[in-house]
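>>> Fold the following for me, if possible:
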Amino acid sequence: MIKVYGNNMRLLVIADIHGNLEKLKEVLEKTRKEAFDVVICPGDFTDMYTIPTEFSQLDVGTLILQKILTLKKPTLCVPGNHDPYEILDVFNDYNVNLHSKIKKIKNTTFVGWGGAPTPFDTIFEPSDEETKENLTKLGKKLTPQNFVLVVHEPPKNTKLDIIRSGKHVGSPVIKEFIIEKQPTITITAHIHESPGLDNINKSPVFYPGPVFEGCYGIVEIKGKKTTCETKKI
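This is a model prediction of the structure:
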């Protein structure tokens, strides 16, 4: 088992950029005035429908990540459903990949899983079976406390997985994992219209909203107390 320990830490959450470099620049400029220890990016660096002429999605994703790294803080990333699978190679090259991995920064442990199944045939769509298999493997390496879970898809039947029709479209597998392991906090993305904070038992789940709308989040962990704040430029 990997031992995990509580620790005071402030996290900057940058989610759902969707290739909007100009809005990202504005968000990053605002966040330079914030105090934080680690940058968390839960996916959709790129957008498969808005690729600039003469650029590939991977070019865009690489540029987005390079801009985030100008914050000069430890950074951890998982892919979103719009991101190409090759973005994992870019994450590995820059040593920021958290997808299907466990990493520790200072005394805080982070667990990550990216992508999301959708009805729109997007790129990075792991099945529920693949998600369950990988989260189960990761979970066996953890004690059930004091870790941060970073996922692109929100858990099922929460305030964060509601689309405009009112339907809940999140992941039942991720919810089961949260119920079993009760992470210190789960940081998510994906459903742009449903930012906010919810709890599964006593474990908080947080999505600050998309960067392309000027949103970012600050998570502060102080021992057993966790606070989350959505900010907008």
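>>> use CA for all of it now, contacts and neighbours both
Will do.
>>> ok, residue 52 to residue 199 distance?
Between residue 52 and residue 199 the distance is 39 Å, computed by C-alpha to C-alpha, to the nearest Å.
>>> Please, which helix or strand holds the residue lying farthest from the centre of the chain?
Distance from the C-alpha centroid of the chain peaks at residue 54, with 28.5 Å (C-alpha atoms, centre = their mean). Element membership for residue 54, per DSSP states H and E: none, as it lies in no helix or strand.
>>> Grab the most central residue of this structure for me.
Central residue of the chain (C-alpha atoms, centre = their mean): residue 42, at 1.9 Å.
>>> Next, the buried residues of stretch 110-120.
For stretch 110-120, burial by neighbour count (16 or more other C-alpha atoms under 10 Å) applies to 110-118.
>>> Centre of the chain to that stretch, how far?
Relative to its parent chain, stretch 110-120 has a centroid offset of 9 Å by C-alpha atoms, centre = their mean, to the nearest Å.
>>> What of stretch 105-119?
Using C-alpha atoms, centre = their mean, the mean C-alpha position of stretch 105-119 is found 6 Å from that of the whole chain.
>>> what comes into contact with that stretch?
4-7, 9, 42-43, 74, 77-82, 98-104, 124-128, 131, 135, 138, 146-153 (C-alpha atoms under 8 Å, 6 or more residues apart in numbering).
>>> taking those one by one, which sit in helices?
Of the contacts of stretch 105-119, the ones assigned to helices by DSSP state H are 128, 131, 135, 138.
>>> From those residues, pick the one nearest residue 18.
Residue 18 lies nearest to residue 131 out of the ones in helices among the contacts of stretch 105-119, by C-alpha to C-alpha, at 22.8 Å.
>>> give the contact list for the closest one.
Applying C-alpha under 8 Å, 6+ apart, the residues contacting residue 131 are 113, 173-174.
>>> If we use 10 Å, what do you get?
For residue 131, the contact set (C-alpha atoms under 10 Å, 6 or more residues apart in numbering) comprises 100, 113-116, 125, 171, 173-174.
>>> same check, this time on residue 122
Counting by C-alpha under 10 Å, 6+ apart, residue 122 touches 47-49, 80-84, 115-116.
>>> Return the members of those classed as buried.
Listed as buried from the contacts of residue 122 are 47-48, 80-84, 115-116; burial here means 16+ other C-alpha under 10 Å.
>>> Pipe those residues into a markdown table and attach distance to residue 203 and pLDDT per row.
Listed next are these as a markdown table, based on distance: C-alpha to C-alpha, whole Å; pLDDT from 0 to 100:
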| residue | distance to residue 203 | pLDDT |
| --- | --- | --- |
| 47 | 31 | 98 |
| 48 | 33 | 96 |
| 80 | 23 | 98 |
| 81 | 25 | 98 |
| 82 | 28 | 98 |
| 83 | 28 | 98 |
| 84 | 31 | 98 |
| 115 | 22 | 98 |
| 116 | 21 | 98 |
